[in-house]
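[1] Need coordinates for the below:
(2 chains)
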Protein chains: 2
Amino acid sequence: MLSIDFSHIFDVGSHGMTKKQFAAYKKQLKPALKSFQLRAQGFHTIVDDMATAREIMQYAKEVEGQFDDVVVFGIGGSSLGTLCLRDALTHLYGKREKKQPRLHVIDNIDPVMMQELGDVIALKKTLCIVISKSGTTPETMSQYFYYRQQFEKEKLDIKKHMVFITDAERGVLREVAWEEGIRTFHIPHNVGGRFSVLSPVGLLPAALIGIDIVKLLGGAKEMRDTFLSSAFTKNFPFQLAVTQHYLDTKREKHLNVMMPYAQKLYRFADWYRQLLAESIGKKKNRKGKTVYTGITPVNALGVTDQHSQSQLYNEGPNDKLIMFIAVSQLAKQIRIPHLHPKKEAVAYMKGTSFNELIDIERQATAMACTKNKRPNLTITIPKVDEEHLGQLFLLFEGATAFLGELYGIDAFNQPGVELSKTITKEMLQKK
Amino acid sequence: MLSIDFSHIFDVGSHGMTKKQFAAYKKQLKPALKSFQLRAQGFHTIVDDMATAREIMQYAKEVEGQFDDVVVFGIGGSSLGTLCLRDALTHLYGKREKKQPRLHVIDNIDPVMMQELGDVIALKKTLCIVISKSGTTPETMSQYFYYRQQFEKEKLDIKKHMVFITDAERGVLREVAWEEGIRTFHIPHNVGGRFSVLSPVGLLPAALIGIDIVKLLGGAKEMRDTFLSSAFTKNFPFQLAVTQHYLDTKREKHLNVMMPYAQKLYRFADWYRQLLAESIGKKKNRKGKTVYTGITPVNALGVTDQHSQSQLYNEGPNDKLIMFIAVSQLAKQIRIPHLHPKKEAVAYMKGTSFNELIDIERQATAMACTKNKRPNLTITIPKVDEEHLGQLFLLFEGATAFLGELYGIDAFNQPGVELSKTITKEMLQKK
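    Residues are numbered from 1 along each chain as shown, chains lettered A, B, ... in the order given. The predicted model follows:
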């Protein structure tokens, strides 16, 4: 199980919180759990759905070796989790076993992207996964239209080359699938887009590129049990939410920086951006009162962004909670040879390894922030693997659900995106 | 020349500014220019250095066809501009002419990254560019040590396989280059890392992958002339800085979101993150007074992040200035075929193209923000090409220099990163 070090929340004086203030939230845990259960959300129950996992693995086995490229058409909650899974659990530079396809996630409608994707894939060796819960998302539907026509032009069988992931009962994709017998996987109706990474949305693409989805769900289950625990000291998601909530509402830390010290976790911070932004950025609370809540997520990467963002984090406005993610065993030790032994300026690097250097720099960065009274916490996982990624997903999904309860808002809707959708439709119709 | 539409700064009531407030800054332009000139910075003069550009092109010609992979070791200001140039001006999925090498930018010391890079490159066909202005950056020096030893183990000629970009007079890399005759390009002493993209730092890797650096400098020159103009209506960088400064200091817009509507400009926003964060995030002003200035940069991507961040931008705290970047001619028109004509839910998409859809969604997003009184501006370029990227670099570098003057801080130092560097050294020495 991952661990969380909250000590630098407690030792930054009036910019953090005291252990007493932290513990005072204890009495809110049971009511929050009870209130959350009333929302009837499914993100924490889908981790038990082994029947779907088996169905996905069966399909992956069926199509093994048939495709050179898998292309996901999806946006937001239909793409960010998949990008995270791919980048965290496969080779950084695309090296793969021969039978495994490449995975492209096309989460934009830039015509340049559509054109250049076409330059590198061969349709007859390509599988397209079309993901839209509503089955009406204009970006995804336009990509589906375009690629369906491309397949038809080459007289390729749509039923072989396309799979839909959508609602079980409604929407255009659902109807087309019924009419034509296209293979479909479902997004449960009680699982919102940004909470859907452990549904077929993330699991199907993951299984197709060799990720062990059973281990992923296993790790998620461990954290789910923690999330549902009414024991404050065991409930990591609640402890995290408490920290974010207190620092935002009492200490003006309106920004949450997520800074993993692992190249492969860069996209995890990107996945979390949507989860936090869409869930907590709300004009009205549940009573209809105008509140304009919201924590702005900022993604950073260690050590890289020490050379880009640390100056601001240490000397700029003290308006951030920084969440470091540490990985205790990144890879086997790679020694740094000590060349030019007479050059004094680099003598201090003698006898170290990349593993040690990245870890020491992370600690030094946290210590500097602490000395500058910038509240920070560190989540440590032993490895970037399926099990611990599953834990991380549920840790932050659970914390986000609790944040909704602590703010008294609906963490599961997104009314603020409707206006631009309506304007888009009107502009298209006016033409 | 690019254009900037400030209208949605002026029409969002008390969350923006009036045209009168905007124009009132006019009298600060000449003093700001004068004060800036005293800083003796070189980012706006290097664009005239055609001798260096020619030297770089000559070198690129010399080594043409010799390398399959070019690896840049550099971090922060030594990597972000190069990543931006590569991603903006080459194929999204890596398709390239046969003689052109792939370009990897290794801006982290994660041992997994070092290991997996080794899986995909062949040393005898690899050129390493080691970039560190000081010649002592521990991350870059450790990568240099490691790869130098790899080359030596394979008995490959260091002088053929390594190039340094560093200060002309000092530092370990400079000394080694003198001692051994290693090819070196210089970072002028008056150009800081985050302002160095148009020095050899960005130009050399760019030239090696076929980017037209003369056009890049040409575009930059156009904007440089604008930047030095004492006519308020002509000076785009000053107008931009004025907007950022007023909204931060008078309207509590402490965050600047940069949201390009072009997949290839994603890394431009990443480059800008360092520029804004390190330049303006300062504890002390020039008089030594504690001020804790700083605007937190946030990068987003249109249309992708409409499905991730728009909810927060429209309904969360009104604490952001949103800067859209529009591209008027992204690519040739790609029509979206209208399949399933009987499905009412997608009927509104009939007769459109990807080009039109992305543009309409951008406009709709800006209109929704405006309706919700969220100040926003739009920078429009006709194309993502060398010329307009050059303009964009100088626009934001110039605006950042002016921000330094408006806040009365030193935009060109980074004292806040020293503490963690010192702690790192101490921890390494203690071992």
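
[2] Which positions in the stretch 101-250 of chain A make contact with chain B?
    A:104, A:107-117, A:119-120, A:135-136, A:138-139, A:141-142, A:145-146, A:148-149, A:171-172, A:175-176, A:193-194 (C-beta under 8 Å from any C-beta of the partner chain). Just so you know, the C-beta spots here come from the backbone N, C-alpha and C atoms, and that holds for glycine as well.

[3] Please state the backbone phi and psi of A:F324?
    Dihedral pair for A:F324: phi -80, psi 150, per degrees, to the nearest 10.

[4] Check the nearest residue to it once chain neighbours are set aside and give its pLDDT.
    In space, and not counting its chain neighbours, A:F324 is closest to A:T378: 4.4 Å by C-beta to C-beta, 6 or more residues apart in numbering or on different chains. Looking at A:T378, its pLDDT reads 98.

[5] From the residues of the stretch 101-250 of chain A next to chain B, which land in strands?
    Of these, the ones assigned to strands by DSSP state E are A:H104.

[6] hmm, which of the residues of the stretch 101-250 of chain A next to chain B are the buried ones?
    The neighbour count (16 or more other C-beta atoms under 10 Å in any protein chain shown) marks A:104, A:107-117, A:135-136, A:138-139, A:141-142, A:145-146, A:148, A:171-172, A:175-176, A:193-194 as buried among these.

[7] Counting neighbours, what do you get for A:D11?
    For A:D11, the neighbour count with other C-beta atoms under 10 Å in any protein chain shown is 12.

[8] What separation is there between it and A:T365?
    Taking C-beta to C-beta, to the nearest Å as the measure, A:D11 falls 16 Å from A:T365.

[9] now swap in A:F6 and tell me
    17 Å.

[10] Same question for A:Q429.
    Remark: distance between A:Q429 and A:T365 (C-beta to C-beta) = 52 Å.

[11] and if you look at A:A88?
    Using C-beta to C-beta, A:A88 is found at 22 Å from A:T365.

[12] what about the two, which has more around it?
    Taking other C-beta under 10 Å, A:A88 and A:T365 do not tie; A:T365 has more neighbours (28 against 23).

[13] Chain neighbours aside, what residue packs nearest to the more buried one?
    That would be B:S420: by C-beta to C-beta, 6+ apart, it lies 4.9 Å from A:T365.

[14] Could you verify my assumption that the one you found touches A:I360?
    No: taking contacts as C-beta atoms under 8 Å, B:S420 lies outside contact range of A:I360: 10.0 Å.

[15] Show me which of the two is the more surrounded one.
    B:S420 (24 against 21).

[16] Counting only helices, which of the buried ones among the residues of the stretch 101-250 of chain A next to chain B make the cut?
    Members of those lying in helices (criterion: DSSP state H): A:111-117, A:138-139, A:141-142, A:145-146, A:148, A:172, A:175-176.

[17] what's near enough to touch A:I109?
    Shown in contact with A:I109 (C-beta atoms under 8 Å, 6 or more residues apart in numbering or on different chains): A:E139, A:S142, A:Q143, B:V303, B:F354, B:L357, B:I358, B:E361.

[18] out of those residues, what pair is the most spread apart?
    For the contacts of A:I109, the maximum inter-member distance is 13.8 Å, found between A:Q143 and B:E361 (C-beta to C-beta).

[19] my guess is A:V163 is in a strand, correct?
    Yes: counting by DSSP: H, G, I helix; E, B strand; the rest coil, A:V163 is part of a strand.

[20] gap between it and chain B?
    Using C-beta to the nearest C-beta, to the nearest Å, we find A:V163 at a distance of 17 Å from chain B.

[21] my read: that residue touches A:I182, true?
    Yes: if you go by C-beta under 8 Å, A:V163 and A:I182 touch, sitting 7.2 Å apart.

[22] more neighbours, these two?
    The residue with more neighbours, out of A:V163 and A:I182, is A:V163; 24 against 17, by other C-beta under 10 Å.

[23] Can you read off the pLDDT for that one?
    With respect to pLDDT, A:V163 scores 98.

[24] A:A177 now?
    Model confidence at A:A177 (pLDDT) stands at 97.

[25] repeat for A:K430
    At A:K430, the pLDDT value in this model is 88.

[26] Where do the strands of the stretch 151-300 of chain A begin and end?
    A:162-166, A:184-186, A:255-260, A:282-284, A:290-293, A:296-299 (DSSP state E, counting those that start in this stretch).

[27] of those, which approaches B:K342 most closely?
    Of the strands of the stretch 151-300 of chain A, nearest to B:K342 by C-beta to C-beta is strand A:162-166, at 17.9 Å.

[28] If you count contacts, what does the closest one end up packed against?
    Strand A:162-166 is packed against strand A:126-131, helix A:138-153, helix A:172-180, strand A:184-186, helix A:200-208, with contacts defined by 3 or more C-beta pairs under 8 Å, 6 or more residues apart in numbering or on different chains; DSSP states H and E.

[29] So what touches that strand?
    Looking at what lies outside strand A:162-166 - C-beta under 8 Å, 6+ apart - the contacts are A:59, A:74, A:78, A:127-135, A:144, A:147-148, A:151, A:173-174, A:176-177, A:182-187, A:200-201, A:204.

[30] wait, is the residue nearest to A:F324 part of a helix?
    No: applying three-state DSSP, one finds A:T378 to be strand, outside a helix.

[31] Give me the number of neighbouring residues for it.
    By the measure other C-beta under 10 Å, the count of residues near A:T378 is 20.

[32] Who are the contact partners of it?
    With contact set as C-beta under 8 Å, 6+ apart, A:T378 has these partners: A:I4, A:D5, A:H8, A:M323, A:F324, A:I325, A:A326, A:R362, A:A366.

[33] For it, give the beta-bridge partners.
    Here A:T378 sits in beta bridges with A:D5, A:F324, going by DSSP bridges.

[34] What separation is there between it and A:L403?
    Note on A:T378: its distance to A:L403, by C-beta to C-beta, is 20 Å.

[35] Same check on A:A345?
    A:A345 is 47 Å from A:L403, by C-beta to C-beta.

[36] circling back: contact partners of the host helix or strand of the residue nearest to A:T365?
    In this structure, B:S420 sits in helix B:418-430 according to DSSP states H and E. If you take C-beta under 8 Å, 6+ apart as the criterion, helix B:418-430 is touched by A:306, A:310, A:314, A:348-349, A:352, A:357, A:360-361, A:363-365, A:367-368, A:371-372, B:138.

[37] Just the buried ones from these?
    For these, buried by 16+ other C-beta under 10 Å: A:306, A:310, A:314, A:348-349, A:352, A:357, A:360-361, A:363-365, A:367-368, A:372, B:138.

[38] Quick check: helices, which of these are part of them?
    Assigned to helices by DSSP H, the following of these qualify: A:S310, A:N314, A:L357, A:I360, A:E361, A:Q363, A:A364, A:T365, A:M367, A:A368, B:P138.

[39] Who are the contact partners of the second one?
    For A:N314, the contacting residues are A:A368, A:C369, A:N372, A:R374, B:G281, B:G416, B:V417, B:L419, B:S420, taking C-beta under 8 Å, 6+ apart as the criterion.
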